[in-house]
Structure formats: structure tokens, C-alpha cells
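J.: Mind folding the following:
(2 chains)
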Amino acid sequence: MLDLFRKRRMWRPTAELKDNYDVVIIGGGSHGLATAYYLARDHGITDVCVLEKAYIGSGAAGRNTTILRSNYKTSEGARFYDASVKLYEGLGAELNYNLLFSQEGHLTLAHTDRAMFVMVERAEVNRLAGIDSRVIGPEEIEGLAPAMAMSRDAVHPVMGALYHPPGGIIRHDAVVWGLARGVDRGGAEIHPYREVTGVERSNGRATGVTLSDGTRVGAGMVVNATAGWSSTIASMAGVELPITTHILQAFVTEPLKPLLDVVIVSSQMHVYISQTDRGEFLIGAEIEPWTTYRQQGTLNFIQEASRHTLELFPQLERARILRSWAGLCDISPDFSPILGDTEVENFLISTGWGTYGFKAAPIVGKTIAERIGTGTTPDLIEPFALERFYRDRLVSELGAAAVSH
Amino acid sequence: MSFLLTCPNCGEREVTDFAFGGEVVPRPSSKPSERELNTYNYFRRNVAGLQREWWNHRSGCRAWFLAERDTTTNEVRWVALPGA
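T.: As a prediction, the model looks like this:
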């Protein structure tokens, strides 16, 4: 009985930093932790250190809107995110940690003829990649989201939707904690509150990092997995990126009784809505157009997002907003990620994650670990190399990633 | 809440009055290589700190102007019309 009250540690206390590691991962978010996890699981590489400047999951991993989906517009994107959703489906059991993954479906609403065309195109790309995704009409939408206002008199009447049954929401903090425990059990080290301020190079290859307290840590391989801060870390290694950093905001209402189990996205109304397992309505919008590193939200966002939410869910009229927040997004010119090698040898990047990084965490970890473990770039991430921008070979996800999540 | 920006013509307004034109990027030579041109088109310094950037007073006089802003605080140091 007393055992009930015994505190169990999720992971070992932070070890002393060593002078050298095979792999140093900068960023203790979902991507950095997933990379460390798959390095041990798939390749037996455990001399790995994850450096995080604050607490783990304090950046984008803890600020996203927890939506998982794979109904992207390019074939490269769709198969990549599909592989990620499939890894997420087995991740909770594998980590023996409840990630509260609820695959109740994802609806991207169309309010115009033009939007309907885009949905049909996306559905076809998805079907070719074997992804469950189809266009449905208002009647079927009403069946899936009976609480949503479907009036023809609405400002933006709903004409149809792209329905993606495997899409859903997952508990983002649990993903971070579950992965961190997996990393710890696998033998790698996690060092929170260790800020990288320099990347050491010798003969065009990365050889280690320096920390804010002057400590030097040698590394056979350095991985930059820092989302909104990836430009600042890459510039320490002398690598230029086609990235701009913007804030993305979200808010939650007070907990309400369950009335929505699917995820609702409207790119035209710039809003996406889900109801968490706690009952809160979680509402997000699009990035602010100006670049910034200041993680502070704006009143305009709350006004606009709540206005559009009420158009879809008028019953939330009296719901109080509990809290709001902002996170940093690393936006790439084509709204696709940038993954793998750079012109500095042994300096790998996972960036360009914009507003869709969290849903890709497991597949990023698996493919970057494969790149490190085997020395070759997996086919799945080959289209997302940094080099594509020097050659003008973009992978445009503008129609499926810029706004809708 | 947000931040304020001073249009050189109209005065202080909320940032939503303006369109952001991105950081000032040096133009490539008149006959750039493919790499130079794509670097100009896509790559950005994206500094955490003082950044010189373009703004357009979209909902006002519609003039393009330059500003220097600290991207870690959004504090605007100065604004100026180009060539001024």
C-alpha cells in the first residue's frame, strides 16, 4: 500500500557532461529526443548527448496543437508524414507510455469552389500514396461533427471537406516524456539547461560544441534540431538556411463537456479547432507575417480566432479563454522541411518545420538516426535536402501546410 | 499585445496596419550564377537581434520604408524612407 505513494523517477538524474560523444543533438524537443531514441533502438548508438537550453519540451514540442495527420499535397510530403503517423500509432505501446493518441479523424473544410478543387487534388495524391483520405459532402460532415454550425446562411457556408480518418490528436507532453524515458533507458544522456553558443569546426567538418558556461563538448556528429532557433545554431556552424522565424499562437477555453471528437480545420477562416481529452477547446490559427524571436502572443489573434470559432461553434459563446501562448516556427520557402546533410560535414539539420514539426517527430528521429547509423540518406528524406534551394527544386506544400494543420 | 511601428509619413500605428517585406537582402550581381540567384531568393540571415527590414504601410500611405528592429524584443530602433 505504501508503495502507492513512492515517487518513481522517470529517468536517471542528469549525469556529468563528458568531454566527447559520438553524437551531440542540440535541442531537447520531440525531434532531438526521437533522434536519440532511434539511434539506440535501430543502430545501437548510445554514446549520445541531447543538449537543451531550458527544460525538455519547452519549445515547439510543448506549444503545438497536438494534431497528427498525413493528408499532404505533394507525394513526397504525403508518404513522409504517413510514415510518421504509422510510427505514432505504435509508439505508445513501444514506449510503454500512454500518449493518449485519439484517431477520431480530421476534417479540412472547404467554403469555396476553389477550395473544393484543392481538396479533390489532395485526396487523389493521398489515395495514390495509400493514405485514407477522401472528399465528403455536408451530410457526412454533419454526421461526424453534429455540434458544428452548417447553416447555408453562415458567413462561410461549408461546401464539403477533405476527410482523413487516421488524423487526430495526441498528448504532446506525453510524447516528450515517453521519448525522454526511452532515450534514458536506451543509455543516451539528456542535459537540460545547457545552452549551445558555438559549433566548433575543423577542416570543414563539425567537431563539437561550446556551451554558454564555456564548456567544450567534442562530437563525431552534431545534429541541429532546434525549430525556431535553427538559423542561430546553423550560423554558428557557418551554414546559411532559407528560414525565417515567426510566432504561431493558440489558446484553450475552459473545459467543457465532450461535443467534438474530430479535428476541424478551415484554411479560409484561418482557424483549427479540436477538443482535448480534458474538454478544453484548443484553437490555433496561422503564423504572424513578420519575423520575430519573441514568444509573446497578440490580442488580434485571439479576436480573429475566436470570431471564426464562434462562426463554426456558436455554442462556445460563453466559454472563457483559459490561457493563450505563442511558439516559434522555422518557416521554409516551400513549406516543406529541410533534413539531413549540410555543406559542413558531420553537421546535420532538421529544420523548416514551420507549423507541422510535431507530427513528424518519430519519422525525423528514425530517418536522421538511419543517416547517422548507415552513413547514407534514406529515400524518404532525400527530397528534403538543403541543397534543393541552391538548385531551385522546391517541394511546395503551400496548399496543404501553410495554414491548415 | 502586439507592437507599434512608426510610418515615416503617417506616424505611429499598430503593426497590423503594415505589410512585412522581409529583411534587407543585398542584390546579386547583374549576371548572377544559379547559386547566387537562389541564395538571394531563398536564404536569409534571420538574426535574433537587430535586423534591417522592409515594411509597407498597406492600410495607410502605401509607402515602402526601412526599419531597424530588434527581433528578440520587437523594439523598433529607427524608420526611414529609402534614400532619405
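J.: and chain B, which residues reach chain A?
T.: Chain B comes close to chain A at residues B:1-2, B:15-16, B:19-20, B:22-23, B:34-35, B:38-39, B:41-48, B:51, B:53, B:71-74, as judged by C-beta under 8 Å from any C-beta of the partner chain. In this view, the C-beta of every residue, glycine as well, is placed from N, C-alpha and C.
J.: Name the SS class of the residue in the stretch 301-405 of chain A that chain B sits nearest to, please.
T.: Using C-beta to the nearest C-beta, A:F389 is the residue of the stretch 301-405 of chain A that sits closest to chain B, at 4.5 Å. Following DSSP: H, G, I helix; E, B strand; the rest coil, we place A:F389 in the helix state.
J.: thinking it is in contact with B:N38, fair?
T.: Yes. Between A:F389 and B:N38 there is a contact at 5.9 Å, judged by C-beta atoms under 8 Å.
J.: Comparing these two, which shows the higher neighbour count?
T.: A:F389 (23 against 20; other C-beta atoms under 10 Å in any protein chain shown).
J.: so what pLDDT did that one get?
T.: With respect to pLDDT, A:F389 scores 97.
J.: The one 4 residues further on too?
T.: Among the per-residue scores, A:R393 shows a pLDDT of 92.
J.: Then it would be within a strand, right?
T.: No. Read with three-state DSSP, A:R393 is coil and lies in no strand.
J.: mind checking how far it is from A:G354?
T.: According to C-beta to C-beta, to the nearest Å, A:R393 stands 19 Å off from A:G354.
J.: okay, these two: which has more neighbours?
T.: A:G354 (25 against 12).
J.: all helices of the chain, in order?
T.: Since you didn't name a chain, this refers to chain A. A:30-43, A:75-95, A:113-128, A:138-144, A:172-186, A:230-236, A:299-312, A:361-374, A:387-391, A:398-401 (DSSP state H).
J.: that's the other chain; I wanted chain B
T.: Here chain B has its helices, by DSSP H, at B:34-42.
J.: what about it, any weak spots by pLDDT?
T.: The model of chain B has no residue with pLDDT under 70.
J.: Would you map the strands across it?
T.: B:4-7, B:11-14, B:19-23, B:50-56, B:64-70, B:75-80 (DSSP state E).
J.: correct me, but B:A48 touches A:I233?
T.: No. Using C-beta under 8 Å, B:A48 is not in contact with A:I233; the gap is 10.4 Å.
J.: of these two, who's got more company?
T.: More crowded of B:A48 and A:I233, by other C-beta under 10 Å: A:I233, with 24 against 19.
J.: Now mean neighbour count too, for the strands of chain B, in a markdown table please.
T.: Listed next are the strands of chain B as a markdown table, based on neighbours: other C-beta atoms under 10 Å in any protein chain shown:
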| stretch | mean neighbour count |
| --- | --- |
| strand B:4-7 | 18 |
| strand B:11-14 | 12 |
| strand B:19-23 | 16 |
| strand B:50-56 | 18 |
| strand B:64-70 | 19 |
| strand B:75-80 | 14 |
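J.: Quick one, which of these gets closest to A:R79.
T.: A:R79 sits nearest to strand B:19-23 of all these, at 31.9 Å, using C-beta to C-beta.
J.: and chain A, which of its residues are near chain B?
T.: Contacts of chain A with chain B, taken as C-beta under 8 Å from any C-beta, map to A:229, A:231-232, A:235, A:240-245, A:289-294, A:298-300, A:333, A:389-392.
J.: How about residue 47, nearest residue that isn't a chain neighbour?
T.: Picking chain A for this. A:D22 (4.1 Å; C-beta to C-beta, 6 or more residues apart in numbering or on different chains).
J.: let's do chain B instead
T.: Excluding its sequence neighbours, the residue lying closest to B:V47 (C-beta to C-beta, 6+ apart) is B:T71, at 6.5 Å.
J.: wait, isn't that neighbour in contact with B:R52?
T.: No. B:T71 is beyond contact range of B:R52, at 10.9 Å (criterion: C-beta under 8 Å).
J.: Can you get me a residue count around the closest residue to chain B within the stretch 1-150 of chain A?
T.: Proximity of the stretch 1-150 of chain A to chain B (C-beta to the nearest C-beta) peaks at A:K53, 12.4 Å away. A count of neighbours around A:K53, defined by other C-beta under 10 Å, yields 19.
J.: Surely it touches A:T197?
T.: No. Contact between A:K53 and A:T197 fails when scored by C-beta under 8 Å: they sit 9.5 Å apart.
J.: what's the neighbour count on A:A180?
T.: Neighbours around A:A180, by other C-beta under 10 Å: 27.
J.: Mind pulling up the pLDDT for it?
T.: 98.
J.: quick one, what contacts it?
T.: A:M10, A:W11, A:G28, A:L33, A:I56, A:G57, A:I190 (C-beta atoms under 8 Å, 6 or more residues apart in numbering or on different chains).
J.: where's A:T197 relative to chain B, distance?
T.: As judged by C-beta to the nearest C-beta, to the nearest Å, A:T197 and chain B stand 12 Å apart.
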